[in-house]
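Peer 1: give me a 3D structure for the following:
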Amino acid sequence: MIVSDLFTLPAFVAYLALGILYFFAFVVTYIWITPQREMALIRDGNLAAAISLGGAAIGFVQPLASAIAHSVNLVDLAVWGLVAWVVQLLTHFALRLVVRDLRGQIENDVRSVALFVAVVAVCVGAINAAAMTY
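Peer 2: Sure thing, here's the model as predicted:
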């Protein structure tokens with residue numbers, strides 16, 4: 001039984017590696033497109049920056065995990081992972097339009113705004129993940 005399970009190890013490693021690569025690339029992209037400097041803010045103890053970044057990361061990982069679970073091959077995963085990426089970035093841009101001075105509020109550690117942004121990102125991620133199953 002264990003020997004037969006080892007035949008799937010290369011696929012596991014490939015899917016895991018692509019998932020981790022996409023995750024780190026998404027976080028870097030997200031940090032790059034936001035006007036505030038999340039990592040510097042987080043290092044300085046700004047909880048709002050950590051909450052909003054964490055929400056975006058979870059909002060991206062949910063559909064990415066769905067894509068990993070449902071994709072038929074690595075190309076399929078790569079395409080659906082990019083869809084998840086784009087949806088989450090569009091969510092951020094929409095939030096910047098809806099929340100007045102999002103940058104200033106995050107920089108000023110307004111946690112209620114950060115929590116709202118994080119919850120919206122996670123909710124959109126959950127809807128995105130569910131939509132990918134069809």
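
Peer 1: pLDDT weak spots in this structure?
Peer 2: 1-4 (pLDDT under 70).

Peer 1: in it, which spans are helices?
Peer 2: Ranges of helices in the chain, per DSSP state H, are 2-6, 9-33, 38-43, 47-70, 74-98, 102-107, 111-131.

Peer 1: what residue is smack in the middle of the protein?
Peer 2: The centre of the chain sits closest to Phe60, judged by C-alpha atoms, centre = their mean, with a distance of 2.4 Å.

Peer 1: do I have it right that that one meets Val86?
Peer 2: No - using C-beta atoms under 8 Å, Phe60 makes no contact with Val86, being 10.2 Å away. For glycine as for every other residue, the C-beta is placed from the backbone atoms N, C-alpha and C.

Peer 1: follow-up on the earlier one: buried deepest among the helices of the chain, which one?
Peer 2: helix 47-70 (a mean of 22; mean count of other C-beta atoms under 10 Å).
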